[in-house]
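K.L.:
got a predicted structure plus its sequence, pasted below:
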Amino acid sequence: MPTISRTEVAHLARLARLAVTDSELDVFAGQLDVILTSVARVGEVAAQDIPPTSHAVPLTNVFREDVVRPGLSQQQALAGAPWAEDGRFRVPRILDDPDDRTNMGPERS
Amino acid sequence: MTDLTRRTAAELADAIHSRATTATEATRAHLDRIAAVDGAVHAFLHVDTEGALAAAAAVDAALDAGEPPASPLAGVPLALKDVFTTVDMPTTCGSRILAGWRPPYDATVVRRLRAAGVVILGKTNMDEFAMGSSTENSAYGPTRNPWDTDRIPGGSGGGSAAALAAFEAPLAIGTDTGGSIRQPGSVTGTVGVKPTYGGVSRYGLVAFSSSLDQGGPCARTVLDAALLHEVIGGHDPLDSTSIDAPVPPVVAAARAGASGDLAGVRVGVVTELSGEGYQPGVLRAFEAAVEQLRALGAEVLEVSCPSFDYALPAYYLIAPSECSSNLARFDAMRYGLRVGDDSTRSAEEVMALTREAGFGAEVKRRIMIGTYALSSGYYDAYYGQAQKVRTLITRDFAAAFERVDVLVSPTTPTTAFPIGERTDDPMAMYLADLCTVPSNLAGNAALSVPCGVSEDDGLPVGLQVMSPTLADDRGYRVAAAYEAARVTATGHTVISSVPQLEVAAR
């Protein structure tokens, strides 16, 4: 069924936030095609009247007692941070260059 | 036998609790063994010598003070798969993206082990984020199979299984999403158990596929696995999928089974888990095991589970879909690796560069497959259909368990394959999970117990025993009966045939 192109793999990688290299794209395109063709066999199963199963043991409205228990301290929470500053996570800029206000969407093509 | 590393966990616990030996001596013996052979095996990513000796000393102090043992396994050393969070050891999941990460909390399984006085020796190697069937996907290099160090120890829990087979630990913890406890058990001649989904808490188990992941015990005997199962199992309010019911009586079942009678037990041989693609020596060992069960009084019948033919494709849609969502947490912001943050790049660019550098090829493949299967145009054809297959597989199990008490099959179609053989062929690698994934999709209990070696290559074969949800004890009973009968018939355990490893000069 699926023939997945190099361009489609590049698109998937972008959606999945993976900055894959050109040579990876070549390898992955072939491999993903083989895998997706194989798993597409699930389509052979008649779909009518079969409810989907998302969990082996369905449980709903699972609550635990609403009691206060200690969470992580600020120091613990920041202990693994790649970059912390003033007791906070320091992250790269989340918006594009303020001078270029035409390009502020989350998705870049 | 004086060598403490050759004893079962139950024997070791008896010796420690009766003060014939000490937890410290037992721990030291295993640490020495790790120092001697782990260069060749590479089962461990981290060995916590100090922490293990301190935990052992605490057990000894309590016993010396006349306190009763904290649990039937107090003082016994254990190897922990590096996918459970530990405050005192790194938790890497075999991934570069978590290199050196020190979690700020202990997993529930870890908390229970500590409370039970079990001595954690260190963290074991695994396929990155538990994705793989050979442990070759670890960012820290492969683990080698003690039966033949040119071969894989199975995966993803190859480190835990190899640690047992190399006598580096009598107990280990694994996780089984599609067979990652049972398949390594099979190819290393050890016992591996996937409990009923929800039977062991997932709190602090770094998530790969949340609806399938299940922690469980690994050991060299069925009884040892049962003893460990009762230590780690049971309801945990911190895991919303944890089952609020008592742990099935697995230790009692293992002891009852070992007395060797399976009269009245109905065993179903799954038609679909046999035939083409299975190594002849594996099938022969499996058939001999079924004969053994019959000789023990079991009634053996063939049972067809037609939807099992679709289990592998369904699994390789559901697991990657959940993985693509779960692994989105590795965003380079709060913990773990961050690369490319040069003060000009955006968070999104840094995230993409970090994930590119931090994840290995198999993780990237699965994230992309999951992304594809969950995208709007393909959702119904892939993920939706896979969830329906999941329903059909659950129905097959339900119908089968109307007729039989347990189902059996080979655990995996082949014995341990050579390192490197399947790394460039993901589909060939996925076939290793053919027999194990149905129980992950349905959530029922399943285990692998050694059933001899394959006559074509002399490598161990596993017998898989599948039980209904929350009837984990049935599998233990059958496996223990089989294990005991096999020893009686052959005069030795499967693991006793493992070749001697070369011991490094100290």
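P.N.:
Cool, got the structure.

K.L.:
show me where the stretch 201-350 of chain B has its helices.
P.N.:
Under the criterion DSSP state H, counting those that start in this stretch, the stretch 201-350 of chain B contains helices at B:222-232, B:250-258, B:280-295, B:311-326, B:347-358.

K.L.:
can I get the helix or strand of chain B with the lowest mean pLDDT in CSV, CA atoms only?
P.N.:
In chain B, no helix or strand scores lower on mean pLDDT, DSSP states H and E than helix B:426-430, which sits at a mean of 94. Taking Å, rounded to 0.1, in the frame of the first residue of the first chain, the C-alpha atoms of helix B:426-430 are listed here in CSV:
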residue,chain,number,x,y,z
PRO,B,426,14.1,-3.6,11.3
MET,B,427,11.3,-6.0,10.1
ALA,B,428,13.6,-9.0,10.7
MET,B,429,14.3,-7.7,14.2
TYR,B,430,10.5,-7.2,14.9
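
K.L.:
report pLDDT for residue 69.
P.N.:
I'll assume chain A. With respect to pLDDT, A:R69 has a value of 89.

K.L.:
let's do chain B instead
P.N.:
So B:P69 comes in at 98 (pLDDT).

K.L.:
surely it touches B:L63?
P.N.:
Yes - contact criterion Cβ atoms under 8 Å: B:P69 and B:L63 qualify, at 6.6 Å. (C-beta placed from N, C-alpha, C; glycine too.)

K.L.:
which stretches of chain A have low pLDDT?
P.N.:
The model of chain A has pLDDT under 70 over residues A:1-2, A:97-109.

K.L.:
pull the longest helix from it.
P.N.:
Across chain A, the longest stretch assigned as helix under DSSP state H is helix A:22-39.

K.L.:
buried residues, that one. List them.
P.N.:
Neighbour-count burial for helix A:22-39, with 16 or more other Cβ atoms under 10 Å in any protein chain shown as criterion, is recorded at A:E24, A:L25, A:F28, A:A29, A:Q31, A:L32, A:D33, A:I35, A:L36, A:V39.

K.L.:
mutual contacts of B:P69 and B:L63, please.
P.N.:
Between them, B:P69 and B:L63 share these contacting residues under Cβ atoms under 8 Å, 6 or more residues apart in numbering or on different chains: B:I16, B:H17, B:G75.

K.L.:
out of these, flag the one nearest to chain A.
P.N.:
Closest to chain A out of those is B:G75 (29.9 Å), distances taken as Cβ to the nearest Cβ.

K.L.:
assign a three-state SS to B:R111, would you?
P.N.:
helix (DSSP: H, G, I helix; E, B strand; the rest coil).

K.L.:
ok, the residue most central in space within chain B to chain A distance?
P.N.:
Within chain B, one residue has its C-alpha closest to the average C-alpha position: by Cα atoms, centre = their mean, that is B:I181, at 1.9 Å. Using Cβ to the nearest Cβ, to the nearest Å, B:I181 is found at 16 Å from chain A.

K.L.:
check what pLDDT that residue gets.
P.N.:
At B:I181, the model reports a pLDDT of 98.

K.L.:
do you know how far it is from A:S23?
P.N.:
35 Å (Cβ to Cβ, to the nearest Å).

K.L.:
what's the burial count for B:A74?
P.N.:
Neighbour count of B:A74, defined by other Cβ atoms under 10 Å in any protein chain shown: 25.

K.L.:
contacting residues for it?
P.N.:
Contacts of B:A74 by Cβ under 8 Å, 6+ apart are B:A13, B:I16, B:H17, B:A23, B:V59, B:A62, B:L63, B:A116, B:G117, B:V118.

K.L.:
let's see that with 6 Å instead.
P.N.:
Contacts for B:A74 (Cβ atoms under 6 Å, 6 or more residues apart in numbering or on different chains) come out as B:V59, B:G117.

K.L.:
how about B:Y476?
P.N.:
B:A226, B:V250, B:A253, B:A254.

K.L.:
and which of the residues you listed is nearest to A:R17?
P.N.:
Checking the contacts of B:Y476 against A:R17 by Cβ to Cβ gives B:V250 as the nearest, at 42.5 Å.

K.L.:
show the pLDDT at the closest one.
P.N.:
Looking at B:V250, its pLDDT stands at 98.

K.L.:
my guess is it meets B:D473, correct?
P.N.:
Yes - in this structure, B:V250 is within contact of B:D473 by Cβ atoms under 6 Å, at 5.1 Å.

K.L.:
so B:A172 is in which element?
P.N.:
For B:A172, the host element (DSSP states H and E) is strand B:171-175.

K.L.:
B:A446 versus B:D457, what's the distance?
P.N.:
Distance from B:D457 to B:A446, by Cβ to Cβ: 25 Å.

K.L.:
so if I had to pick from those two, which one is more boxed in?
P.N.:
Shown here are B:D457 and B:A446; by other Cβ under 10 Å, B:A446 has more neighbours (32 against 17).

K.L.:
which residue, other than its chain neighbours, is closest to the more buried one?
P.N.:
B:S439 (3.9 Å; Cβ to Cβ, 6 or more residues apart in numbering or on different chains).

K.L.:
what does the stretch 251-400 of chain B put close to chain A?
P.N.:
By Cβ under 6 Å from any Cβ of the partner chain, the residues of the stretch 251-400 of chain B that approach chain A are B:310, B:313-314, B:316-317, B:333-335, B:338, B:341, B:345-347, B:350-353, B:355-356, B:364, B:367-368, B:371-372, B:381, B:385-391.
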